[in-house]
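>>> With the input below, show me the fold.
(2 chains)
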Protein chains: 2
Amino acid sequence: MFDLIKTTAMVDAALNEYLAPASTFPREIHEAVRYSVFAGGKRLRPMLTLATAKIFGAPDLAVLPAACAIELVHTYSLIHDDLPALDNDDFRRGRPSSHKVFGEAMAILAGDALLTRAFELLSVEGVKVLPSATVVRLVAELGRAAGAAGMIGGQVVDIQSEGQPPNAEILDYIHRHKTGALFTCCIRSGALVGGASTHEIDSLTAFAGHIGLAFQIVDDILDVIGDETKLGKKIGSDESKHKMTYPALFGMENAKKKADDCLQAAREEVRIFGKRADKLLWLAQKLVEREN
Amino acid sequence: MFDLIKTTAMVDAALNEYLAPASTFPREIHEAVRYSVFAGGKRLRPMLTLATAKIFGAPDLAVLPAACAIELVHTYSLIHDDLPALDNDDFRRGRPSSHKVFGEAMAILAGDALLTRAFELLSVEGVKVLPSATVVRLVAELGRAAGAAGMIGGQVVDIQSEGQPPNAEILDYIHRHKTGALFTCCIRSGALVGGASTHEIDSLTAFAGHIGLAFQIVDDILDVIGDETKLGKKIGSDESKHKMTYPALFGMENAKKKADDCLQAAREEVRIFGKRADKLLWLAQKLVEREN
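This next block holds a predicted model:
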């Protein structure tokens, strides 16, 4: 349906091309950047962008700058989240996290460099394959999704809510912002590259909201009942950090049901595209049924 | 010549408009962002952008998105530089630094939010007053200047060179990247907004290189012989951190002479603009003759 291995290889090749070689002076920053970008990430976000653009028949080459820029923003957020001052995670995808390998200073700067490079490549590479007006919209989209009104806002509330009594409204805010905003950005960016109409973008935005939430609920569930070998990290970290999660708030069965409901609601939203959305739907289902 | 007070007020008003109110949820991140942006910064970078665009008669309203985006990037870099893992500075402009007031996690996120907002406002506000093609070039310019090939690269080498034997080549790299890259971005961005020709941009880029270097040398000098009250910080911090500086490497008199030589070389570069560059030259001279 959607060749995951081939698409991952294509995204990896593009990322490799978009990043300076590890031998570039000053080496350590480029090594740190590449260590995290090529850490075995599943490239789910670029795939969502590519699959969405396929609805409109956009060629992959026109989508890759936006798809890869989002992946760089995702990677930067993981590096900064793992820092001792934030989630203090020593491992990520089964390997020592950036600050454990390169030190805190370099991890902070590697995150900064990735965030900066995301916007730079969106502009420099984007304008080679897209009209300037589309590139400007993509920059605005990524900025909004990644900023204090999006991902960073979610991270702030997540930190502040640790150890607080569970609260469905706050949990919803965290999920919709910390992961949801960038998920929505993936899908809206694919739609923008594809030249979608306002109405089509609205439907896809609603779709993205449901899928993003389902993805996060599954993330919470896997942290309780997942397979540590498949996940590449210890389970139970949310509980030990007193994080608000769906299973903790609603119980495991209700959390699973909510993820399924989200997937169903997402399906409804893209019915207008008929068979053209099959690839995107298949990918969305994979995200919800994943084991890692 | 160039009304500093009026221009500062205009830049401050624009920054205030471009940033979410401090009461926006989640409050703490917006408070942290505003704490650092409105900490009494002299707005030198926005002024350079505005003064450069004046050569070409560009209206201030068309320049403010780029000018303010650069100021946000500068502010983020100060917050992250002050972190315990980097320069570990507890004070900035006479006030406690961000992490002392809001904690390390919030300081990291406030820096991230500012960097992200810089690109977002450049796109969202920029496109209201400039052609999309110009906005894309401004995003590319800021990304290159702020990234691992620019400011971040300078910061990396600065950290790595602490306590190392003085080396003119490394010191030159640090200065040209850590402060020089963003200075050059200010001036090139003003030129881009103004619609400068390639030849004019080249001259202004050379001008910016000289002025950026002079500015940094003066910074080094003030850290040795400056007035702590005017500077709002303790002098001697470079020496106590074993930082490579111009006075340390070449002696105080040679450092002063080098700053003057840079200013002279800068003047030569903008001779092609005649009187039109008077405001920019006057501002450049102010930067080199400053006491804080």
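>>> next helix or strand past the lowest-mean-pLDDT helix or strand in chain A?
In chain A, the helix or strand scored least confidently by mean pLDDT, DSSP states H and E is helix A:228-231, which has a mean of 73. Where DSSP states H and E defines the elements, the next helix or strand beyond helix A:228-231 is helix A:237-240.
>>> Name the surrounding residues that touch the helix or strand following that following helix.
Sequence-wise, the next helix or strand downstream of helix A:237-240 (DSSP H and E) is helix A:246-250. Outside helix A:246-250, the residues that touch it by Cβ atoms under 8 Å, 6 or more residues apart in numbering or on different chains are A:166-168, A:171, A:216-217, A:220-221, A:224, A:238-239, A:254-255, A:258. (Glycine included, C-beta is placed from N, CA and C.)
>>> quick one: average confidence on helix A:246-250?
Averaging pLDDT along helix A:246-250 yields 88.
>>> now it: how far from the chain's centre is it?
Relative to the chain's own centre, helix A:246-250 is displaced by 22 Å; criterion: Cα atoms, centre = their mean, to the nearest Å.
>>> same question, stretch A:132-146
16 Å.
>>> Next, the buried residues of it.
Judged by neighbour count using 16 or more other Cβ atoms under 10 Å in any protein chain shown, the buried positions of stretch A:132-146 are A:132, A:134-146.
>>> Put the alpha carbons of it into PDB.
C-alpha atoms of stretch A:132-146 as PDB (Å, rounded to 0.1, in the frame of the first residue of the first chain):
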ATOM      1  CA  SER A 132       7.700  31.000  -2.800                       C
ATOM      2  CA  ALA A 133       4.200  31.700  -1.600                       C
ATOM      3  CA  THR A 134       3.800  28.000  -0.600                       C
ATOM      4  CA  VAL A 135       7.200  28.000   1.100                       C
ATOM      5  CA  VAL A 136       6.200  31.000   3.200                       C
ATOM      6  CA  ARG A 137       3.000  29.200   4.300                       C
ATOM      7  CA  LEU A 138       5.000  26.100   5.200                       C
ATOM      8  CA  VAL A 139       7.400  28.200   7.300                       C
ATOM      9  CA  ALA A 140       4.400  29.800   9.100                       C
ATOM     10  CA  GLU A 141       2.800  26.400   9.600                       C
ATOM     11  CA  LEU A 142       5.900  24.800  11.100                       C
ATOM     12  CA  GLY A 143       6.600  27.900  13.300                       C
ATOM     13  CA  ARG A 144       3.100  27.800  14.700                       C
ATOM     14  CA  ALA A 145       3.100  24.100  15.300                       C
ATOM     15  CA  ALA A 146       6.500  24.000  17.000                       C
END
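>>> same question for the longest helix seen in chain A, mean pLDDT?
Looking across chain A with DSSP state H, the single longest helix is helix A:198-225. Averaged over helix A:198-225, pLDDT sits at 94.
>>> Mind giving me the packing neighbours of that helix?
Contact partners of helix A:198-225 among helices and strands, from 3 or more Cβ pairs under 8 Å, 6 or more residues apart in numbering or on different chains; DSSP states H and E: helix A:44-55, helix A:168-178, helix A:180-194, helix A:237-240, helix A:246-250, helix A:252-269, helix A:278-289.
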